[in-house]
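Asker: Sequence and predicted structure, then a few things I'm wondering about:
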Amino acid sequence: MRYAFAILALATAALTFDVRPSAAQQYPWCAYYSGRGGNSYNCGFVSFAQCQATVNGIGGFCQRNPSYVGQQKKNRRAAY
């Protein structure tokens with residue numbers, strides 16, 4: 001009975017697993033850190049204040065993400 005339950009759970013997980021590739025999320029602010037492990041960065045911040053709160057106390061600085069393009073606006077045509 002244990003094996004049947006395990007097989008059923010694995011089959012359910014396999015059928016519900018989403019295998020579509022996901023696009024990387026772009027955010028406008030990056031935190032740049034420097035430390036013993038070398039230089040690193042995290043470009044996962046929505047606002048400058050959020051980035052500043054993260055680097056506060058651990059060192060580093062915030063800068064705009066150079067690869068952030070923002071949301072693309074759809075070109076609407078007026079219907080007459």
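Answerer: Looks like it came in fine.

Asker: got the contact list for Ala9?
Answerer: Residues near Ala9 by CB atoms under 8 Å, 6 or more residues apart in numbering: none. Heads up, the C-betas are built off the backbone N, CA and C, glycines and all.

Asker: so how far is Tyr3 from it?
Answerer: For Ala9, the distance to Tyr3 (CB to CB, to the nearest Å) stands at 11 Å.

Asker: Ok, Gln52 next?
Answerer: Separation of Gln52 from Tyr3 (CB to CB) stands at 53 Å.

Asker: And for Gln50?
Answerer: The value you get for Gln50 to Tyr3, if CB to CB is used, is 48 Å.

Asker: Kindly report the same for Tyr27.
Answerer: 45 Å.

Asker: Between those two, which has more neighbouring residues?
Answerer: Neighbours were counted for Tyr27 and for Tyr3 using other CB atoms under 10 Å; Tyr27 has more, 16 against 7.

Asker: and that one, what is it in contact with?
Answerer: Neighbour list for Tyr27: 43-46, 65, 68 [criterion: CB under 8 Å, 6+ apart].

Asker: give me the number of residues near Tyr41?
Answerer: 13.

Asker: Thanks a lot, catch you later.
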